[in-house]
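Novice: what's the 3D shape of this:
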Amino acid sequence: GDSFIWHIKAIHPEGRTLDVKAVDQQGNMYDVKAIQNSNQRSILDIKAFIGDALQLPVKIVLNEDSKKEIKAIGEDGMLYDIMAIDKNGEKLDVIASSRWGNLIDIKAAQKNGDLYGVKAFSSEGELNDVKGVKMFKEDVEMEINKVKIYAHIKALPQ
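Specialist: Modelled structure (predicted):
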């Protein structure tokens, strides 16, 4: 087909990869993937795959305290945490880190403060950076299911 799925992983400094998952309020984990449409490999959408058919947008959202968090957004407005899972099952928050113009670094954060890069991997071994993309100067880009979106999450060429 014309649509390809890329895996989203956090990269440990020793070269290990950590799965990136969407986690619901009951602790259920779902895959987070990048979607490549046709031959366009420059900007890939990031989605949480819930079951066989449902794909939820993954965005940087603004909460009531104006804190920016990375979440998957359900059709009913329910938010799913985005976490990296290490080999011992420990969950690391995936966060919006530093901002450079319109791009925001996306990192997995260890409890000790260490930050790991987050990447998209194609089945052919290609690698893209996962970044937040700010399109407008306003804090709120749009609303999805009554959730305020600060920035979009995309996989971009390195």
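
Novice: can you list the weak-confidence ranges in the protein?
Specialist: Applying pLDDT under 70 to the chain flags residues 1-3, 66.

Novice: Tell me where it has strands.
Specialist: Listed in chain order, the strands of the chain (DSSP state E) span 3-11, 17-23, 29-37, 44-50, 54-62, 68-73, 79-85, 91-100, 103-109, 115-121, 127-133, 142-144, 147-157.

Novice: between the longest one and strand 3-11, how many degrees?
Specialist: Looking back up the chat, that one is strand 147-157. Here the directions of strand 147-157 and strand 3-11 differ by 90 degrees (axes from the mean of the first three to the mean of the last three C-alpha atoms, to 10 degrees).

Novice: try the third one
Specialist: Relative orientation of strand 29-37 with respect to strand 3-11: 130 degrees, computed using the same axes, to 10 degrees.

Novice: Could you pull up the contacting residues of residue 68?
Specialist: By C-beta atoms under 8 Å, 6 or more residues apart in numbering, the contact set of residue 68 is 60-62, 96, 150-151. All C-beta atoms are positioned from the backbone trio N, CA, C, and that covers glycine.

Novice: That one bridge partners, please.
Specialist: Beta-bridge pairing for residue 68 (DSSP bridges): residue 62.

Novice: if we can go back for a sec, which of the contacts of residue 68 lies closest to residue 133?
Specialist: Nearest to residue 133 among the contacts of residue 68 is residue 151, at 6.0 Å by C-beta to C-beta.

Novice: That closest one and residue 137 touch, don't they?
Specialist: No: using C-beta atoms under 8 Å, residue 151 makes no contact with residue 137, being 11.8 Å away.

Novice: the more surrounded of these two?
Specialist: More crowded of residue 151 and residue 137, by other C-beta atoms under 10 Å: residue 151, with 25 against 6.

Novice: what about that one, distance to residue 69?
Specialist: Residue 151 is 11 Å from residue 69, where distance means C-beta to C-beta, to the nearest Å.
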